[in-house]
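> Here's a sequence, model it:
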Amino acid sequence: MNAIYADITVSISELKKNPDHVLREAGNRTVAVLSHNKPAFYRIRPELFEALLDSGADQDLAKWVASRLALKNEAVEVDIDRV
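Model (predicted):
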């Protein structure tokens, strides 16, 4: 059985019949759209979607920083005052 991470669930058939009504009733709450009683997709607030993207970007940046720090012992020391 799949977990459903939403405040509201609706079938694809119900969504097709009247999508505007479903979205209006949901307001800012997350909606899980079900196909054969399993989540097919989620409708989330734009702010939440942006936060998810930022979180993924932060994780990518953290991995890049860690990989660069692993190469620290290969760094070449330079003197910024020497030209």
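> unless I'm mixing things up, D7 is touching E25, no?
No - under the criterion of C-beta atoms under 8 Å, D7 is not in contact with E25, lying 10.9 Å apart. All C-beta spots, glycine's among them, are computed from the backbone N, C-alpha and C.
> longest helix in the chain, by residue count?
Scanning the chain for the longest helix, with DSSP state H as the assignment, gives helix 46-70.
> middle-most residue in the protein, spatially?
Against the mean C-alpha coordinate of the chain, by C-alpha atoms, centre = their mean, the closest residue is L52 at 3.1 Å.
> what packs against the one helix or strand V22 maps to?
V22 belongs to helix 19-26 when elements are defined using DSSP states H and E. For helix 19-26, the helices and strands in contact under the criterion 3 or more C-beta pairs under 8 Å, 6 or more residues apart in numbering; DSSP states H and E are strand 8-11.
> how close does the residue nearest to the centre of the chain sit to Y5?
Remark: distance between L52 and Y5 (C-beta to C-beta, to the nearest Å) = 12 Å.
> Repeat that for P39.
Where Y5 is concerned, P39 sits at a distance of 8 Å (C-beta to C-beta).
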